[in-house]
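Asks: Sequence first, predicted coordinates after that:
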Amino acid sequence: MSNYLFLKLCCISISTGIMEVIHIITGKITPVMIACLIMMSIDIITGVCDGFVSKSDKTNTGKINSNTFLKGIIKKFCMILMVVVGYSLDLVFKSDVIKDVIMYWIIANEGFSIIENVGKLGLNFKFLKKYFDQLTEDPEEENDISERKTK
């Protein structure tokens, strides 16, 4: 089986499994949950693409590493556990706010990660470079960012 097909099957299986677990626990699937899972899936895909195309900064060799992939999946699983904790707290406090806030945080976090990943792939995000250290390519530009942080 090719690596691409294996990756695609993994992403589909993981997304489907996570969606089913959330559905069993909460009894419903909301548009925010769907958006959250879509962003998580896109982050996984762009992260793997970054590993294929450019030298990854997350491994010693700069190549794709199954341990790094597994670590990322575990982080995503922990994010889903936080949604479950938020849902449990919502049941206690009779609200829907906590779970939704956690999912909005996940969506924002995944959005930033996707921007970083596609920026490393070569997409031009000049208007965002001042906000993302990972998008800087010029060492002088990195120093400018470091100096701004210390001020």
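Replies: Structure received. Residues are numbered from 1 along each chain as shown.
Asks: Which other helices and strands does the helix or strand hosting Lys75 contact?
Replies: Using DSSP states H and E, Lys75 maps to helix 66-93. Applying 3 or more CB pairs under 8 Å, 6 or more residues apart in numbering; DSSP states H and E, one finds that helix 66-93 makes contact with helix 3-26, helix 31-53, helix 97-120. (C-beta placed from N, C-alpha, C; glycine too.)
Asks: Mean pLDDT lowest where, among the ones you listed?
Replies: Mean pLDDT values for the helices and strands packed on helix 66-93 show the minimum at helix 3-26, a mean of 68.
Asks: separation between Ile42 and Leu91?
Replies: For Ile42, the distance to Leu91 equals 30 Å [CB to CB, to the nearest Å].
Asks: Among these two, which residue is more densely surrounded?
Replies: More neighbours surround Ile42 than the other of Ile42 and Leu91, with 17 against 13 (other CB atoms under 10 Å).
Asks: My guess is that one contacts Ile114. True?
Replies: Yes - Ile42 lies in contact with Ile114 (CB atoms under 8 Å); the separation is 5.6 Å.
Asks: How many residues are close by Gly86?
Replies: Neighbours of Gly86 under the rule other CB under 10 Å: 19.
Asks: Ile114 now?
Replies: Counted with other CB under 10 Å, Ile114 comes out at 18.
Asks: for Phe77, same thing?
Replies: For Phe77, using other CB under 10 Å, the count is 14.
Asks: okay, now Val83: neighbour count?
Replies: 24.
Asks: show me the contacts for it.
Replies: Val83 sits next to Ile22, Met33, Cys36, Lys99, Ile102, Met103, Ile106 when contact means CB atoms under 8 Å, 6 or more residues apart in numbering.
Asks: I'd like to know which of those is nearest to Asp50.
Replies: Here the nearest of those to Asp50, counting by CB to CB, is Ile106; it sits at 19.7 Å.
Asks: For Phe127, see how far away that closest one is.
Replies: On the measure of CB to CB, Ile106 and Phe127 end up 24 Å apart.
Asks: Looking at those two, which one has more neighbours?
Replies: Ile106 (23 against 7).
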